[in-house]
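J.: Using only what follows, build the 3D model:
(3 chains)
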Amino acid sequence: MAVIRKKTGNFLEDFRVGQVFRHKGGRTVNEGLLAHFTDFSMTTNPLHKNRRYAQAYGFEGLVAPPGLVMAVAFSQTVEDISENARANLEYIDMRFGAPVHVGDTIEVETTVLGVTPSSRNPDRGVVHVQSLGSKQTGELVIAYQRKVQVFKSDPSREVSAGQLEPKPVEIEPFVPPYRDRTAYAELSHLSNDDTYFEDFTPGDTIEHSRGRVVTDEHIFLTGMLDNTAQVHCNQTMIDRDPARYLGGRLVVYGGIPFALCLGLSCPDVGDNSPCDVVYKTGRHTAPIFTGDTVFAATEIVAKRDYPGRSDLGLLEVTLRGHKHDRSDEGEKPVEIFYLERALAVKRRSHYL
Amino acid sequence: MAVIRKKTGNFLEDFRVGQVFRHKGGRTVNEGLLAHFTDFSMTTNPLHKNRRYAQAYGFEGLVAPPGLVMAVAFSQTVEDISENARANLEYIDMRFGAPVHVGDTIEVETTVLGVTPSSRNPDRGVVHVQSLGSKQTGELVIAYQRKVQVFKSDPSREVSAGQLEPKPVEIEPFVPPYRDRTAYAELSHLSNDDTYFEDFTPGDTIEHSRGRVVTDEHIFLTGMLDNTAQVHCNQTMIDRDPARYLGGRLVVYGGIPFALCLGLSCPDVGDNSPCDVVYKTGRHTAPIFTGDTVFAATEIVAKRDYPGRSDLGLLEVTLRGHKHDRSDEGEKPVEIFYLERALAVKRRSHYL
Amino acid sequence: MAVIRKKTGNFLEDFRVGQVFRHKGGRTVNEGLLAHFTDFSMTTNPLHKNRRYAQAYGFEGLVAPPGLVMAVAFSQTVEDISENARANLEYIDMRFGAPVHVGDTIEVETTVLGVTPSSRNPDRGVVHVQSLGSKQTGELVIAYQRKVQVFKSDPSREVSAGQLEPKPVEIEPFVPPYRDRTAYAELSHLSNDDTYFEDFTPGDTIEHSRGRVVTDEHIFLTGMLDNTAQVHCNQTMIDRDPARYLGGRLVVYGGIPFALCLGLSCPDVGDNSPCDVVYKTGRHTAPIFTGDTVFAATEIVAKRDYPGRSDLGLLEVTLRGHKHDRSDEGEKPVEIFYLERALAVKRRSHYL
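T.: Predicted structure coming up:
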């Protein structure tokens, strides 16, 4: 007869460079998840909303937005990688592959690339991992690295430090072949008419006009992703030791402002984009909580040809999210999110 | 290099009589949207809940309730028509057509029938529009007019006033052909047994017994409809200028009490109705906010034969919604919604 | 001309021993309901999440978790049986049958087994019922008895007391036939590796590590089940007479902590279980409200062979739920839920 309380997740000293995790669960993107996580984000790209449109552009059906693919793939890694994390430091080289449609099942595996104890704080260190998400066909849907600051369970235990190179990953974003200008033009009223590749000028910054408050819904949304981190949903744990947790409150899971910033920017940047290609780097620069209203802005960094596709261009931008903290002295903007993003954008010359 | 902040939506001076908007987006009614918006409304008609029942009555599958069809079709018009509105004044002659099933995609276009500057307030006026919602087959699913009070962006700008007649619209509600009394009677226990056409008496008022509080969920529900109006979800905007906005709080989108009043009345009025036919006029008579509990009452106005269908009757009613404001002096009822509604109702003689 | 306010639900004096209710509504489990009610519960069994996994184990598709099947079947009985209840006293001999997949429609009928007026309180008594939930194929999916304390509408009215034996019910939980160890082992990384039948020791108690706060979402979740009880959603009713209602607040429907306790225990107990078999008895030992964080613990009671299946074992456990009330004197644990549960569990010898 024993009382058992299982350890969940790994601590810094548990990780070994080169170790591979095949994560539990797996997740079928059903219509409930697609609707919920797409709609809260305020995205306006008809590929995620209008099946007639998605099929006319060559997709099987509604397409999961990149923020959803990222959040599902990320959340499956939480128990093994970051259940005992102090902070998620950086997303690196996040690339998208095969499209995710309703009915597709995403499973994820992760390789530990690096373990680096902190030179200043003996109770923590940085874990650097590479995660690959694939669907039931075997095709990759997402590949990315991330760095996360993880606690040790016992500061005196030895850490097996080290660093590997990331594995080379073959992943190409899927864009259906170009078919017929006439057919596309018939549907062009369903997306904005000023967000074609020709419409962007490097150096411009677009302040997206809409904001969206985050409510307690974040707890459900995070559970819907199978993200098990307790800092998002265990109020009793926070109440017992508020000083240990950010602001003494349930913090909103980063995938939520991530998807929301992508969504808020969509009518100005992503409405005519068939897919996101790569996020070179990204990070959450401040936490958000229930009641915060999220805003976003996009800086146009560069325009490039899209390899092998004269109908598309590659748009490089920086997406920033922010909120406005209010106090007696007034309102102060706080940056909450930073993402270097490259996306495919349709050329007006071929689609309008 | 420029900082760009796009104008969203139109102001009074931007509208031209006769102008046609083909709205962006479009929306596939998937199982997530159908479940969410149907279930929050407390409707009890098995056509929206029980596929076995819906198919036995001749529908392809679960049928979207009229409140959902209206809310989806309305929300797609918001950016073009009422993003800069002060108030939605009236729904006029709202008619229903082909049924909306899971997988159907609704797209909407709107014609400007009238633009009338206010004689009293130089900063605003009324826009009168006619909207048509169709599905991917080309069939109309809804047609309605509405009047909305819209701000000018610059009070000194000229308004091109005028008024057109509404376009005649051919739209008939779909009721599957009558088949076999025996088969229907086998399923009759699934709906109430006292809401057949014979059970109603003109002049009676039914106070529906249930109430339902509206929570912060309204923000998600509104986003789920692709309704972009910021007064429902941008708390920072409200906090910056509370006096400009109703009650200094996020106001609940009208489609939510609209659907909820239909749902609350359903066990007493709509449980044996295959479809709503027409809403002659409707309006929101007071705003509602998070925390308000919504109630409804239905006055039976008239009973008519249903053209060409001896198994059905046409029931004309007035549906009213209300809430109860509480203060130190006690509780005060406030009417929040008014709808003149005609619906098809099964005759006991043919179905029981 | 009359003002009508219909009675909803039955009072103690309305029940007759032997009476049968065929409940209204019926409910198709669509992807919205499955996603919502499965995901809030924090279950980790891949049968409810990962279609590839569910199909490899012989199911048609994603399987509804037992907490959802119970909550849907229970909620359909509320209007007839417990709309005027004071308290739900006990679940008895709850057995599971055919699996519920997306698209299945659940309908329920209930027989009154007993009516017992209270000897102490003339305004109430106990109703004992037996409910059977089946799906469109005619197969039973759930069968259970419950006892509920119901008010009289008029304490002076006579009650027709009595008690019948429960009807014998033939219901067997469905477990797909055992097929091929090799194929199963390929998917074994998707569930926990320490929750096979061999891993459990009678007498052990497992304190499940995760907790989950319940938010206002409970109002929507309850509506999604078609549960019409007003104590969960009518704030105005509570405000009018707070003393009559538990804590003067909207109380959370019991099906929510029921499903949540099952979910919280899943990574330690249910991750490798193809189905729940029977709940001998269960009860809600304290109410929960918005803001409460729910925890769970499982005591391993006994291990038995599974009749006719050498690949499975039958695990008998006691599942308890609790929350922690906080006051100035500190934190106090409160038991909220008690369930005697038997579930089928895969044997490591056959699946790993």
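
J.: For the residue nearest to A:Lys280 when sequence neighbours are not counted, give its distance to A:Thr105.
T.: Nearest non-adjacent residue to A:Lys280, counting by C-beta to C-beta, 6 or more residues apart in numbering or on different chains: A:Glu340, 4.2 Å away. In this view, the C-beta of every residue, glycine as well, is placed from N, C-alpha and C. For A:Glu340, the distance to A:Thr105 (C-beta to C-beta, to the nearest Å) stands at 30 Å.

J.: Which is the succeeding secondary structure element to the lengthiest strand in chain A?
T.: Longest strand in chain A by number of residues (criterion: DSSP state E): strand A:309-327. Sequence-wise, the next helix or strand downstream of strand A:309-327 (DSSP states H and E) is strand A:330-346.

J.: coming back round to it: the longest strand of chain A near chain B at all?
T.: Yes - Strand A:309-327 is in contact with chain B by C-beta under 8 Å from any C-beta of the partner chain, via A:323-324, A:326.

J.: could the residues you listed go into CSV alongside distance to A:Glu109, neighbour count and pLDDT?
T.: Converted to CSV, those look like this (distance: C-beta to C-beta, whole Å; neighbours: other C-beta atoms under 10 Å in any protein chain shown; pLDDT from 0 to 100):
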residue, distance to A:Glu109, neighbour count, pLDDT
A:Lys323, 34, 25, 98
A:His324, 40, 19, 96
A:Arg326, 44, 13, 90
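
J.: And the residues you listed, which is closest to chain C?
T.: Chain C has its nearest neighbour among the residues of strand A:309-327 next to chain B in A:Lys323, at 20.8 Å by C-beta to the nearest C-beta.

J.: quick one, helices of chain A?
T.: Secondary structure of chain A (DSSP state H): helices at A:31-40, A:51-56, A:66-75, A:181-186, A:217-224, A:235-240, A:255-265, A:348-351.

J.: weakest of the ones you listed by average pLDDT?
T.: Averaging pLDDT over each of the helices of chain A singles out helix A:181-186 as the lowest, with a mean of 89.

J.: So what touches that one?
T.: Here helix A:181-186 makes contact (C-beta atoms under 8 Å, 6 or more residues apart in numbering or on different chains) with A:56-57, A:350-352.

J.: a markdown table for the residues of strand A:309-327 next to chain B, including distance to A:Asp311?
T.: Shown next, in a markdown table, are the residues of strand A:309-327 next to chain B (distance: C-beta to C-beta, whole Å):
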| residue | distance to A:Asp311 |
| --- | --- |
| A:Lys323 | 38 |
| A:His324 | 40 |
| A:Arg326 | 46 |
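
J.: Now render these as CSV, adding distance to chain C.
T.: Formatted as CSV, the residues of strand A:309-327 next to chain B follow (distance: C-beta to the nearest C-beta, whole Å):
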residue, distance to chain C
A:Lys323, 21
A:His324, 24
A:Arg326, 23
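
J.: about what we covered before: could the helices of chain A go into TSV alongside mean neighbour count and distance to B:Phe258?
T.: Below are the helices of chain A laid out as TSV (neighbours: other C-beta atoms under 10 Å in any protein chain shown; distance: least, C-beta to C-beta, whole Å):
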stretch	mean neighbour count	distance to B:Phe258
helix A:31-40	26	19
helix A:51-56	21	26
helix A:66-75	26	29
helix A:181-186	12	32
helix A:217-224	24	22
helix A:235-240	18	34
helix A:255-265	27	25
helix A:348-351	16	37
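
J.: Dump those helices to JSON lines, plus distance to A:Ile300.
T.: Converted to JSON lines, the helices of chain A look like this (distance: least, C-beta to C-beta, whole Å):
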{"stretch": "helix A:31-40", "distance to A:Ile300": "25"}
{"stretch": "helix A:51-56", "distance to A:Ile300": "25"}
{"stretch": "helix A:66-75", "distance to A:Ile300": "18"}
{"stretch": "helix A:181-186", "distance to A:Ile300": "24"}
{"stretch": "helix A:217-224", "distance to A:Ile300": "30"}
{"stretch": "helix A:235-240", "distance to A:Ile300": "40"}
{"stretch": "helix A:255-265", "distance to A:Ile300": "11"}
{"stretch": "helix A:348-351", "distance to A:Ile300": "16"}
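
J.: related to what we said a few turns ago, let me have the contacts of helix A:181-186 in a markdown table, extended by distance to chain B.
T.: A markdown table is the format used below for the contacts of helix A:181-186 (distance: C-beta to the nearest C-beta, whole Å):
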| residue | distance to chain B |
| --- | --- |
| A:Ala56 | 10 |
| A:Tyr57 | 13 |
| A:His350 | 20 |
| A:Tyr351 | 15 |
| A:Leu352 | 14 |
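
J.: Using a markdown table, please lay out the residues you listed together with distance to C:Val17.
T.: Listed next are the contacts of helix A:181-186 as a markdown table, based on distance: C-beta to C-beta, whole Å:
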| residue | distance to C:Val17 |
| --- | --- |
| A:Ala56 | 62 |
| A:Tyr57 | 63 |
| A:His350 | 75 |
| A:Tyr351 | 71 |
| A:Leu352 | 74 |
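
J.: The stretch 251-352 of chain A against chain B: which residues are in contact?
T.: Residues of the stretch 251-352 of chain A lying near chain B by C-beta under 8 Å from any C-beta: A:267-268, A:271, A:291, A:293, A:295, A:323-324, A:326, A:331.

J.: Of those residues, select the buried ones using a PyMOL command.
T.: Entered in PyMOL, the line below selects the buried ones among these, by 16 or more other C-beta atoms under 10 Å in any protein chain shown:
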select buried, chain A and resi 267+268+271+293+295+323+324
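
J.: What is the most widely separated pair among the residues of the stretch 251-352 of chain A next to chain B?
T.: Comparing all pairs in those by C-beta to C-beta, the longest separation belongs to A:Asp271 and A:Arg326, at 31.5 Å.

J.: shaky segments in the stretch 151-300 of chain A?
T.: Judged by pLDDT under 70, the stretch 151-300 of chain A has no weakly predicted residues.

J.: rewinding a little: show me what the longest strand of chain A is packed up against.
T.: Under the contact criterion of 3 or more C-beta pairs under 8 Å, 6 or more residues apart in numbering or on different chains; DSSP states H and E, strand A:309-327 touches helix A:255-265, strand A:293-306, strand A:330-346, helix A:348-351, helix B:235-240.

J.: ok, the residue lying closest to A:Arg320 once chain neighbours are set aside - how many residues close by?
T.: Leaving aside its sequence neighbours, A:Arg320 sits nearest to A:Ala297 (C-beta to C-beta, 6+ apart; 5.2 Å). Number of residues near A:Ala297 (other C-beta atoms under 10 Å in any protein chain shown) recorded here: 22.

J.: ok, now A:Arg179?
T.: When counting by other C-beta under 10 Å, one arrives at 12 neighbours for A:Arg179.

J.: so who does the closest residue to it other than its chain neighbours touch?
T.: Spatially, and ignoring its direct neighbours in sequence, A:Arg179 is nearest to A:Gly58 (6.6 Å; C-beta to C-beta, 6+ apart). Neighbour list for A:Gly58: A:176-177, A:179 [criterion: C-beta under 8 Å, 6+ apart].
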